[in-house]
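K.L.:
Quick one, structure for this:
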Amino acid sequence: MRGTLPGLLLLAAINVYAQVPDSGAVKQPPTADSMQQTPADTAQVVEKQPTTWKGEKYTLFAGAQIGIGGAAIATENAEGRKTNPDFWFLPTYGAVITAPFSNGSRIRGRLDLGVWSTGTRTRPYEFYYGMKNWDGYFVERYTYFTIAPYINLSGILIGVGFDFPMKGEMWNPKSDADVHVVDKTTMKTGMDLRIGGSIPAWETDLGTLNIELVAYYMFSGVYEDGQYPYGLATINSRGDVPTNQNDLINASVKNLTPAGAHLGISYQFKIGL
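P.N.:
Residues are numbered from 1 along each chain as shown. Prediction:
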């Protein structure tokens, strides 16, 4: 009996161990063969990579602009001289470049280069010719080559223009008299503040057509100090100006400081970099 008891206990232990599941078995570490990827596996990984992982191309915009109509008026005038707004076609034309600050940004820098004009209607006493109302007015028109940088905030334009004189003219549309050409040396290099809007009207993969309205104020004035021929106040209803030397020295000569607006269009091509 004593000899058979240890044997029975050993057989019972072996039977219990045999019935235990193999879930607790120690897993063998992967071998080099099992870790090696096949060419098919590598191709699947490559196919899953996004095709635009570098992002879209940076897009620059460049093209041309043209002003369809313009209006302007002198913001101040000497005593005895009246002003009214003037209207004309083709007030500006040239090139335009727009560059986003970053890829896809709605905040952009813009640069306009081209011909730009401003003016006013003036009716000093000496142009009345005995007429009433505005029958005796004349037109002042000044043309510049302008460099105008802007900030474009989602279509809102804020900028400044640097205006280099090209010519100045005065004429009476009711008269057959020749156009008076202004001495360009009396005109200064001007500056104007600008604010407006640029609205996309038609867009394709090639470019964008925009409708644009820009208002400006030429705060620098058109003429060099004391050179505006109609900047002196008249001293009587005939339009006489001071002739006494002391009166001329003490007289204040106003400058021509026009404000106005241009309505036009621009087409800008998309240039992907």
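
K.L.:
Compute the number of surrounding residues for Q268.
P.N.:
For Q268, the number of neighbouring residues by other Cβ atoms under 10 Å comes to 23. C-beta coordinates here come from the backbone N, C-alpha and C atoms, glycine included.

K.L.:
For L209, which non-adjacent residue is spatially closest?
P.N.:
The shortest distance from L209 to any non-neighbouring residue, by Cβ to Cβ, 6 or more residues apart in numbering, is to W202 (4.2 Å).

K.L.:
cool, A233 as well?
P.N.:
Using Cβ to Cβ, 6+ apart, the closest residue to A233 is E79 (3.8 Å).

K.L.:
Angles on the backbone of D225, please.
P.N.:
phi -60, psi 130 (degrees, to the nearest 10).

K.L.:
Against I97, how distant is it?
P.N.:
With distances taken as Cβ to Cβ, to the nearest Å, D225 is found 34 Å from I97.

K.L.:
quick one, which of the two is more surrounded?
P.N.:
Neighbour totals were compared for D225 and I97, and I97 leads with 16 against 10 (other Cβ under 10 Å).

K.L.:
show me what contacts the more buried one?
P.N.:
Contact analysis of I97 by Cβ atoms under 8 Å, 6 or more residues apart in numbering lists 60-62, 110-111, 113.

K.L.:
low-scoring pLDDT stretches of the stretch 1-150 of the chain, where are they?
P.N.:
1-56, 124-136 (pLDDT under 70).

K.L.:
That one: helices as residue ranges?
P.N.:
Ranges of helices in the stretch 1-150 of the chain, per DSSP state H, counting those that start in this stretch, are 4-19, 32-35, 39-48.

K.L.:
For the stretch 151-273 of the chain, which residues score under the pLDDT cut-off?
P.N.:
Within the stretch 151-273 of the chain, the stretches falling below the threshold (pLDDT under 70) are 234-251.

K.L.:
mind running it again at 50?
P.N.:
Flagging of the stretch 151-273 of the chain using pLDDT under 50 yields the residue ranges 237, 245-246, 248-250.

K.L.:
Please report how far the residue nearest to A233 lies from V96.
P.N.:
From E79 over to V96 the distance is 41 Å, taken as Cβ to Cβ.

K.L.:
Which one's more surrounded, these two?
P.N.:
Of the pair E79 and V96, V96 is the one with more neighbours under other Cβ under 10 Å, namely 22 against 10.

K.L.:
Is that one in contact with A62, as I believe?
P.N.:
Yes - the pair formed by V96 and A62 meets the contact definition of Cβ atoms under 8 Å, at 7.2 Å.

K.L.:
which residues do those two both contact?
P.N.:
Taking Cβ under 8 Å, 6+ apart as the contact criterion, the residues that touch both V96 and A62 are Q268.

K.L.:
Using PDB, write down the CA coordinates of stretch 208-217.
P.N.:
As requested, the backbone C-alpha atoms of stretch 208-217 are provided in PDB (Å, rounded to 0.1, in the frame of the first residue of the first chain):
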ATOM      1  CA  THR A 208      -9.900  85.000 -62.200                       C
ATOM      2  CA  LEU A 209     -11.900  88.000 -63.500                       C
ATOM      3  CA  ASN A 210     -12.500  90.600 -60.800                       C
ATOM      4  CA  ILE A 211     -14.700  93.600 -60.500                       C
ATOM      5  CA  GLU A 212     -12.900  96.400 -58.600                       C
ATOM      6  CA  LEU A 213     -13.900  99.700 -57.100                       C
ATOM      7  CA  VAL A 214     -11.200 101.800 -55.400                       C
ATOM      8  CA  ALA A 215     -11.600 105.200 -53.700                       C
ATOM      9  CA  TYR A 216      -8.600 107.500 -53.100                       C
ATOM     10  CA  TYR A 217      -7.600 110.700 -51.500                       C
END
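
K.L.:
before we move on, back to that, buried among the contacts of I97? Need that as a selection in PyMOL.
P.N.:
Once 16 or more other Cβ atoms under 10 Å is used to decide burial, the buried members of the contacts of I97 can be selected in PyMOL as follows:
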select buried, resi 60+61+110
